[in-house]
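> quick one, what's the 3D model for this:
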Amino acid sequence: MSMIANPLIPLDEAQTFVLSHCKPAAPVATAAHLALGLVTAEPIVSNELVPPFDNTAVDGYAVQAADTADAPTSLRVVGSIAAGDNPTMTIEPGTAARIMTGAPLPAGADAVVMVEDTEADDSAGTVTISKSVELNSAVRRAGEDMTPGQTVFAPGTMVTPGHIGVLATLGIDSISTHQRPTVGVLSTGDELVEGPQKLEPGQIRDSNRRTLLALVAQTGATPVDLGLVADDEAAVEAALRDGASRCDALITSGGVSMGDYDYVKLVLSRIADMRWMQIAIKPAKPLAFGTLDGTPIFGLPGNPVSSMVSFELFARPGLRTMLGVASNTVHRPLIRATAESPLPRRADGKTHFARVLLRWQDGQALISSAGGQGSHQLSAMAASQALAVLPDGDGVDSGDTVNVLLVQPT
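Residues are numbered from 1 along each chain as shown. The predicted structure follows:
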């Protein structure tokens, strides 16, 4: 069925509605070394001490710190310890042991002096310590990083290379993750073409589908190219049903405005449970969202910038929710930034998202316009690292601070 909503729905209300229909995929057992980009479905708990024993952080000499208080001082060398050794000597007052980075700390030692602060006399079997050290200097204690029973990653954590390293450190070779959702992206329209061929009158190249496929991949989901579909009701219905049968979510662009009447809207209004919304934002005011046979469908606006902004505000958090990402991290980071130049706008009852360049100076985020702000001006959107969130009104002046949504690395 189709529902027509009242105009100018608040952004947070629309986001809540969308996310309420996006559920994480079922958990599966995944080899730890293949889990990059997947999201943990259960807590990852340490089963041992990390490090497993007291060891040295540097090459040098294992000592009793008290022996170095009056440095320079000479100590008798009682042995040498390499990484992987199991030392049996004990460091008594007045003695030291040569030790290599990562090697176990011998009994009796409570500090390590860096080799740079020593001078060995091999013929005499002694070492001169030129600098005093404090208790536990350069010592890594057992369990300093992780202890048995400690939750090291919460459910909803997207696995990074560092996480994979921790799993290897703990000897964990399989974890429970949410399956990676597949997301079909569809374009329709007889005016759309692909490739470098010369455009005929009335034709445009399909940029939205390529952009959205890349955005889907960036979220960690698996993009599925459903291709270009002609303006034919039967063909559009077949493409949508096929996509819903083999994908976990679908994305279309265009045909979602209140006055639009195209084949995607016609078909979805008939075969899917859709809500056609006008959101109190600019760009990306129109949004359609619903389900087809239980498969979420994101109907994004057709203008290139509107399509990208709508993806960032609705589809991206929806897909990250389906990935299993924790609810407090599904949205892009929001920071405060200072405008280096005015960002004007007109009062219209909507929140505006201005495409801006972002740079950092002395720890402060500074923004300036990325260029043309029209919803068709894709080059400025591509150049921007952030979207400035401009409340209803006249915009911000140079020197004003404003909330900024980070959409690209800086």
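
> which residue, other than its chain neighbours, is closest to residue 222?
Nearest non-adjacent residue to residue 222, counting by C-beta to C-beta, 6 or more residues apart in numbering: residue 182, 4.7 Å away. All C-beta spots, glycine's among them, are computed from the backbone N, C-alpha and C.

> now that neighbour: how far from residue 251?
Using C-beta to C-beta, to the nearest Å, residue 182 is found at 12 Å from residue 251.

> more neighbours: which of the two?
A side-by-side neighbour count of residue 182 and residue 251, using other C-beta atoms under 10 Å, places residue 251 first with 31 against 16.

> from what I can see the more buried one touches residue 300, true?
Yes - judged on C-beta atoms under 8 Å, residue 251 makes contact with residue 300 at a distance of 6.5 Å.

> what touches both of the two?
212, 311, 315 (C-beta atoms under 8 Å, 6 or more residues apart in numbering).

> could I get the residues you listed as JSON lines with secondary structure and neighbour count?
Shown next, in JSON lines, are those (DSSP: H, G, I helix; E, B strand; the rest coil; neighbours: other C-beta atoms under 10 Å):
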{"residue": "212", "secondary structure": "helix", "neighbour count": "26"}
{"residue": "311", "secondary structure": "helix", "neighbour count": "26"}
{"residue": "315", "secondary structure": "helix", "neighbour count": "28"}
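
> show me what the longest strand anywhere in the chain is in contact with.
Across the chain, the strand with the greatest residue count (assigned by DSSP state E) is strand 351-361. Strand 351-361 has contacts (C-beta under 8 Å, 6+ apart) with 11, 280-284, 305, 309, 313, 337, 343, 345, 365-371, 373, 380-381, 383-392, 395, 404-406, 410.

> before we move on, back to that, nearest to residue 167, of the shared contacts of residue 251 and residue 300?
Using C-beta to C-beta, residue 315 comes nearest to residue 167 of the shared contacts of residue 251 and residue 300, at 30.1 Å.

> show the pLDDT at that closest one.
Residue 315 carries a pLDDT score of 98 in this model.

> could you do residue 5 as well?
Per the predicted model, pLDDT is 44 at residue 5.

> for the contacts of strand 351-361, which ChimeraX command selects only the ones that are buried?
Here is the ChimeraX command that picks out the buried ones among the contacts of strand 351-361, judged by 16 or more other C-beta atoms under 10 Å:
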select :11,280,281,282,283,284,305,309,313,337,343,345,365,366,367,368,369,370,371,373,380,381,384,385,386,387,388,389,390,395,404,405,406
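
> now, which of the contacts of strand 351-361 lie within strands?
Among those, the subset assigned to strands under DSSP E consists of 281-282, 337, 343, 365-369, 386-390, 395, 404-406.

> now do stretch 191-205: everything it contacts.
Taking C-beta under 8 Å, 6+ apart as the rule, stretch 191-205 contacts 206, 228.

> and it, average pLDDT?
Averaged over stretch 191-205, pLDDT sits at 88.

> ok, stretch 236-247 next?
96.

> for it, buried residues please.
By neighbour count on 16+ other C-beta under 10 Å, the buried set for stretch 236-247 is 236, 237, 239, 240, 241, 243, 244, 247.

> mind jotting down where the helices sit in the stretch 1-150 of the chain?
11-20 (DSSP state H, counting those that start in this stretch).

> so where's it shaky on pLDDT?
Applying pLDDT under 70 to the stretch 1-150 of the chain flags the ranges 1-6.

> which residues touch the nearest residue to residue 280 once chain neighbours are set aside?
Leaving aside its chain neighbours, residue 280 sits nearest to residue 8 (4.3 Å; criterion: C-beta to C-beta, 6+ apart). By C-beta under 8 Å, 6+ apart, the contact list for residue 8 reads 278, 279, 280, 349, 350.

> state the number of residues packed around the fourth one.
When neighbours are counted by other C-beta under 10 Å, residue 349 registers 9.

> same question for the first one.
Close neighbours of residue 278, defined as other C-beta under 10 Å, add up to 19.

> and it, that one's in a helix?
No - judged by DSSP: H, G, I helix; E, B strand; the rest coil, residue 278 forms no part of a helix; its state is strand.
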